[in-house]
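> Next input, structure requested:
(chains A and B)
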Amino acid sequence: AQSVTQLDSQVPVFEEAPVELRCNYSSSVSVYLFWYVQYPNQGLQLLLKYLSGSTLVKGINGFEAEFNKSQTSFHLRKPSVHISDTAEYFCAVSDFFNKFYFGSGTKLNVKP
Amino acid sequence: KAGVTQTPRYLIKTRGQQVTLSCSPISGHRSVSWYQQTPGQGLQFLFEYFSETQRNKGNFPGRFSGRQFSNSRSEMNVSTLELGDSALYLCASSQKAPGPGELFFGEGSRLTVL
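Here you go, the predicted structure:
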């Protein structure tokens, strides 16, 4: 079975500072990796995805993530955060049959 | 292109009642998945339907059931509601099957059980 670990439940950061949200997964087969963002009282919105190809993936709102197969990681980064980035972020892995496994989420709190 | 639509957005029920939630996927999407989200348990997979067939099922009791219609719209039902069923229920649709693809989520139905 696959699993996803988001090591930080909450990450406080000041506006314009860089941020990294960590995600590790466990799987013995090929996986597909995703980051979703959830704003209060809303559903999840896709930030970026890795299906194949380049291990550095760029997404919306200036976010990017790097797939590291040897370390089974897919950390999310942004060089300069904005107040509007305050939200909960979920890492997810899926298999070929589209079964998704989500991490427990990381709440990003951007302070002015 | 319209997104995933979930109804109702908010509802309040009492213990022992039953509830039906509805989800209309993005046009052309044939796969619909349901998730339960709670502060303590996070996002938990309920089940997935593809072409009216349940293809995957999570670890939930039989009180939780679902179905998909020929137009890909889906409903989930929870019978004999318990306080612990209070949660945000999220529906997601996907186009590709089999094969990897992203999930498109609705805004959710927030259920409160009193």
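
> What residues does the residue of chain A found nearest chain B make contact with?
Nearest residue of chain A to chain B, counting by CB to the nearest CB: residue A:43, 3.7 Å away. All C-beta atoms are positioned from the backbone trio N, CA, C, and that covers glycine. Counting by CB atoms under 8 Å, 6 or more residues apart in numbering or on different chains, residue A:43 touches B:4, B:90, B:92, B:105-108.

> neighbours around residue A:110, how many?
Residues within reach of residue A:110, counting by other CB atoms under 10 Å in any protein chain shown, total 19.

> is it in a bridge, and if so with what?
residue A:13 (DSSP bridges).

> Contacts only, for residue 19.
Just going to use chain A. For residue A:19, counting by CB under 8 Å, 6+ apart, the contacting residues are A:11, A:13, A:77-78, A:81, A:85, A:108.

> other chain: chain B
B:11, B:13, B:77-78, B:81, B:111.

> Dig out what it forms beta bridges with.
Beta-bridge partners of residue B:19, counted by DSSP bridges, are residue B:78.

> Just the pLDDT for it.
The model reports residue B:19 with a pLDDT of 98.

> Tell me how far it lies from residue B:8.
Computed with CB to CB, to the nearest Å, the distance linking residue B:19 and residue B:8 is 9 Å.

> thinking again about what came up before, from the contacts of residue A:43, which two are the most distant?
B:92 and B:107 (11.3 Å; CB to CB).

> quick one, what contacts residue B:90?
A:43-44, B:6, B:34-37, B:43, B:105-106, B:108.

> just for chain B, where's the confidence low?
B:1, B:96-99 (pLDDT under 70).

> Output the set of residues of it in proximity to chain A.
B:4, B:31, B:33, B:35, B:42-43, B:45, B:48, B:55-56, B:90, B:92, B:94, B:96-108, B:110 (CB under 8 Å from any CB of the partner chain).

> what ranges do the strands span in chain B?
B:5-7, B:10-13, B:19-24, B:31-38, B:42-50, B:53-57, B:64-68, B:74-78, B:87-94, B:104-105, B:109-113 (DSSP state E).

> Whatever residue of chain B ends up closest to chain A bridge partners, please.
Nearest to chain A, among the residues of chain B, is residue B:105, at 3.7 Å (CB to the nearest CB). Note on residue B:105: beta-bridge partners residue B:92, judged by DSSP bridges.

> Which one (most neighbours) among the contacts of residue A:19?
Result: residue A:81 is most packed of those (other CB under 10 Å), 23 neighbours.

> you'd agree the residue of chain B closest to chain A is up against residue A:37?
No - with contact defined as CB atoms under 8 Å, residue B:105 does not count as touching residue A:37 (10.7 Å).

> what do those two both touch?
Residues touching both residue B:105 and residue A:37 (CB under 8 Å, 6+ apart) are A:44-45.

> Contact partners for the residue sitting nearest the centre point of chain B?
The centroid of chain B falls nearest to residue B:34 when counting by CA atoms, centre = their mean (3.1 Å). Residues in contact with residue B:34 (CB under 8 Å, 6+ apart) are B:23, B:45-48, B:66, B:74, B:76, B:89-92.

> Now with 6 Å, please.
Contacts for residue B:34 (CB atoms under 6 Å, 6 or more residues apart in numbering or on different chains) come out as B:46-47, B:76, B:91.

> Can you tell me the closest non-neighbouring residue to the residue of chain A closest to chain B?
residue B:105 (3.7 Å; CB to CB, 6 or more residues apart in numbering or on different chains).

> Could you list every helix and strand that the lowest-mean-pLDDT helix or strand in chain A packs against?
One helix or strand of chain A scores below all others by mean pLDDT, DSSP states H and E: strand A:100-102, with a mean of 90. On a contact count with 3 or more CB pairs under 6 Å, 6 or more residues apart in numbering or on different chains; DSSP states H and E, strand A:100-102 meets strand A:87-94.
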